[in-house]
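Asker: Coordinates for the following, if possible.
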Amino acid sequence: MAINRNISYLNKDFTDFRSELINFSQTYFPNTYTDFSNTSPGIMFMEQASYVGDVLSFYLDTQVQETFLQYAKQSNNLYELAYMFGYKPKVTGLASVLLEFFQVVPAITSGGERVPDFSYSILVDSNSTISSQDDQSFIIEDPVDFSVSSSLDPTEVTISQITGNEPEFFLLKKTRKASSGVISTTTFTIGNYSPFPTIEIDASDVAEIIDVFDSDGNQYYEVDYLGQELIYDNIKNTNVNDPNNYLSSNDTPYILKTKQTQRRFATRFLNETTLQLQFGSGTPGDTDEEIIPNPDNVGLGLPFEKNKLTTAFSPTNFIFTNTYGIAPSNTTLTIRYLVGGGVSSNIAANSLTSLDSVNSRFINSNLTPVTAQFVFDSLAVNNPTAASGGQDGDTIEEIRQNTISNFNSQLRNVTADDYLVRALSMPAKFGVVSKAYTQKPKAESADTTLCIYVLTYDVDRKLIASSNSLKQNLKTYLNQYRMIGDSIDIKDAYVINIGCEFEIITLPNYNNNEILANCITEVQKYFNINKWQINQPIIIKDIEIILDNVNGVQTVNKVQIINKTGTTLGYSRYAYDVSSATLKNIIYPSLDPSIFEVKYLNEDIKGRVVTI
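Answerer: Just a heads-up that it's a prediction; the model follows:
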């Protein structure tokens with residue numbers, strides 16, 4: 001006969017286990033054992049059992065806790081949970097800074113005037129290293145080619161040396177964005193084929209994988225997950241590659257394309273110092289990667305298989321392949337990766353002055369040796385501003401919170417603001433969207449879900465309409481993040497050029513010219529185009545407050561905004577009725593998305609001092 005015992009399952013710690021074991025013995029074995037003193041053999045066994053129960057209970061609670069993102073504390077578990085939810089933890093943050101590159105070139109006579117001889121132009125290769133005196137290293141992603149000048153990559157030319165009232169040398173200047181870090185290289189020998197091979201890089205502060213090549217020269221591309229087949233690729237925007245839009249594409253150095261690749265890998269950090277690379281499970285002989293849904297392989301085209309007409313097919317059979325990319329075998333992988341960053345990389349201005357000239361060379365070869373050596377020695381670099389953005393890796397709590405945030409967004413464009421941020425974040429080499437604005441289409445555009453209005457800068461940092469190539473790149477870029485039901489229309493916003501005239505009354509015993517100059521400077525700062533967005537109104541009261549705060553100004557007599565138009569004068573061709581658009585001292589933009597721009601800050605902002 002079975003014996004029923006009343007067992008409590010609520011015990012969690014040593015004290016509860018011990019008390020329950022004593023109570024259990026006294027209840028069910030009252031005559032078998034009666035010595036429950038602290039030194040008795042029975043209590044010894046009960047306390048040992050309580051000790052084991054307490055330890056097992058602790059580990060059980062801990063293991064359950066470590067499976068929940070909100071409560072996990074061990075870093076390795078948090079890394080695993082983060083990747084499960086689609087977030088990539090950061091072990092370092094790179095600092096960025098704008099560098100200025102300089103070189104001199106001799107002058108030559110062309111058309112009766114002295115001009116720079118660009119045949120002496122120097123090319124600084126991409127990934128070149130620039131260092132500071134305290135051994136902080138930065139690299140540039142894009143090459144520096146002094147012979148090329150465009151709206152996105154202008155070459156500034158000034159006179160460097162004059163001999164006999166004629167320029168003898170010109171100074172060329174270009175700017176590049178640099179990121180902190182150094183490039184490290186490692187190799188791995190891969191033996192016979194095995195599915196999903198993994199390799200691990202043991203290093204601190206690994207920021208990213210630059211490239212992976214095997215011994216046959218094949219490149220492996222990094223993807224977010226092995227089932228991802230499409231990657232972004234770029235080709236030079238030349239007349240051959242883009243004959244329709246090349247002449248109007250000074251703002252688009254590269255054409256953005258999507259490329260299908262079989263050789264790919266995914267990365268994940270196992271901890272702060274270990275980065276794992278995982279490859280696919282296919283072999284070069286597999287054809288599974290090329291299968292796409294069509295009547296021949298879905299069922300309708302199979303001979304004598306009419307019963308397949310009512311078969312339900314899983315879409316994952318055609319979205320994902322069986323190989324997840326080609327696994328490298330019997331080869332040597334060469335991996336280059338970027339190491340660096342951290343708070344220490346936020347160096348001060350004028351610190352990056354040492355350029356590794358190994359990756360610098362003349363574009364042309366037939367040069368005068370003495371002049372060429374003088375020109376090459378003139379190559380210099382400097383950072384006029386301090387580096388910023390460098391930070392240490394994610395803390396435990398940052399991993400937790402960033403993962404929760406990332407899981408909710410999933411990198412998809414859901415709201416209009418999502419599309420706005422994504423448009424502004426397109427890589428610069430595909431064209432820079434300087435201003436963007438999103439809004440719902442008008443009623444007559446029922447086929448469009450969202451309209452994105454964009455503008456870009458010309459070589460003088462003035463707003464212009466974006467080229468067709470830039471719009472096409474933006475379309476390709478947004479398509480990878482677009483919701484399936486969204487239809488996006490990319491349009492040009494309107495530019496309304498304006499001028500500002502004001503009158504002030506100064507305090508006694510102040511220099512009127514100095515006060516007026518200070519007022520003009522403050523208004524120029526207010527109308528700096530970097531601070532203005534599409535459909536932003538002009539608030540006259542803000543300008544009056546700015547002028548009032550200038551030392552020496554007694555009162556502001558008048559502030560007037562004037563429309564500037566006329567393409568022959570360099571202004572926009574769109575006229576605007578400022579007075580009709582003004583309501584309660586606020587000038588509103590048009591219903592069609594537009595932006596106010598003071599095109600010539602030195603000429604279009606005027607002021608004068610008047611008397612009471």
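Asker: What segments of the stretch 501-612 of the chain are helices?
Answerer: 512-526, 540-548, 601-604 (DSSP state H, counting those that start in this stretch).
Asker: Break the protein into its domains for me.
Answerer: 14-65, 72-89+394-410, 92-181+341-382, 183-231+260-339, 232-259+411-492, 494-609 (automatic domain parsing).
Asker: Present those as JSON lines; the columns should include mean neighbour count and distance to Ile7.
Answerer: The way it works is simple: take the backbone N, C-alpha and C, and place the C-beta from them, glycine included. Output for those, formatted as JSON lines (neighbours: other CB atoms under 10 Å; distance: least, CB to CB, whole Å):
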{"stretch": "domain 14-65", "mean neighbour count": "13", "distance to Ile7": "8"}
{"stretch": "domain 72-89+394-410", "mean neighbour count": "16", "distance to Ile7": "32"}
{"stretch": "domain 92-181+341-382", "mean neighbour count": "17", "distance to Ile7": "53"}
{"stretch": "domain 183-231+260-339", "mean neighbour count": "15", "distance to Ile7": "42"}
{"stretch": "domain 232-259+411-492", "mean neighbour count": "17", "distance to Ile7": "51"}
{"stretch": "domain 494-609", "mean neighbour count": "16", "distance to Ile7": "69"}
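Asker: ok now the lengthiest helix in the chain, how far from the chain's centre?
Answerer: Taking DSSP state H as the criterion, the chain has its longest helix at helix 41-65. Relative to its chain's centre, helix 41-65 lies at 51 Å (CA atoms, centre = their mean, to the nearest Å).
Asker: Tell me the helices and strands packed up against it.
Answerer: helix 14-28 (3 or more CB pairs under 8 Å, 6 or more residues apart in numbering; DSSP states H and E).
Asker: pLDDT weak spots in the stretch 501-612 of the chain?
Answerer: For the stretch 501-612 of the chain, no stretch is flagged by pLDDT under 70.
Asker: got it, and the chain?
Answerer: In the chain (pLDDT under 70), the answer is 1-3, 151, 236-253, 284-323, 406-411, 428-429, 443-447, 459.
Asker: still on that earlier bit, now distance to Arg5 too, for the domains of the chain, in TSV please.
Answerer: What follows is the domains of the chain, written out as TSV (distance: least, CB to CB, whole Å):
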stretch	distance to Arg5
domain 14-65	6
domain 72-89+394-410	37
domain 92-181+341-382	58
domain 183-231+260-339	47
domain 232-259+411-492	56
domain 494-609	74
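Asker: Figure out which of the ones you listed is closest to Asn4.
Answerer: domain 14-65 (10.2 Å; CB to CB).
Asker: Find the centremost residue of this structure, please.
Answerer: Ser425 (6.0 Å; CA atoms, centre = their mean).
Asker: for that one, phi and psi?
Answerer: phi -100, psi 10 (degrees, to the nearest 10).
Asker: Would you quantify the distance from it to Ile139?
Answerer: 21 Å (CB to CB, to the nearest Å).
Asker: Next up, the contacts around Thr175.
Answerer: Leu98, Leu99, Glu100, Phe101 (CB atoms under 8 Å, 6 or more residues apart in numbering).
Asker: for Glu503, same thing?
Answerer: Val556, Asn557, Lys558, Gly607, Arg608, Val609, Val610.
Asker: CSV please, covering those residues and showing distance to Ile546.
Answerer: Shown next, in CSV, are these (distance: CB to CB, whole Å):
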residue, distance to Ile546
Val556, 9
Asn557, 15
Lys558, 14
Gly607, 12
Arg608, 17
Val609, 16
Val610, 18
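Asker: Among the residues you listed, pick out the one closest to Gly566, please.
Answerer: Looking across those and measuring by CB to CB, the closest to Gly566 is Gly607, at 22.9 Å.
Asker: ok, and the closest non-adjacent residue to that closest one?
Answerer: If the residues on either side of it in the chain are set aside, Gly607 comes closest to Phe502, at 4.7 Å by CB to CB, 6 or more residues apart in numbering.
Asker: Verify the contact between the one you found and Ile562 for me.
Answerer: No. Proximity of Phe502 to Ile562 does not meet the contact threshold set by CB atoms under 8 Å, at 11.1 Å.
Asker: Let me see the ranges of the helices in the chain.
Answerer: Counting by DSSP H, the helices of the chain are 14-28, 41-65, 75-84, 295-298, 316-319, 369-377, 396-409, 416-424, 468-479, 512-526, 540-548, 601-604.
Asker: which outside residues touch the third one?
Answerer: Right, the one you point to is helix 75-84. By CB under 8 Å, 6+ apart, helix 75-84 touches 66-67, 69, 72, 88-89, 268-272, 396, 399-400, 402-403.
Asker: which residues of the stretch 151-300 of the chain fall in strands?
Answerer: 156-163, 166-180, 182-190, 198-202, 206-213, 219-222, 230-236, 254-260, 264-271, 274-279 (DSSP state E, counting those that start in this stretch).
Asker: Please name the residues that touch Pro537.
Answerer: Ile586, Ile587, Tyr588, Pro589.
Asker: Quickly name whichever of these is closest to Val339.
Answerer: Nearest to Val339 among the contacts of Pro537, with distances taken as CB to CB, is Pro589, at 47.4 Å.
Asker: Name the nearest residue to the closest one, ignoring sequence neighbours.
Answerer: Using CB to CB, 6+ apart, the nearest residue to Pro589 is Asn535, at 5.1 Å.
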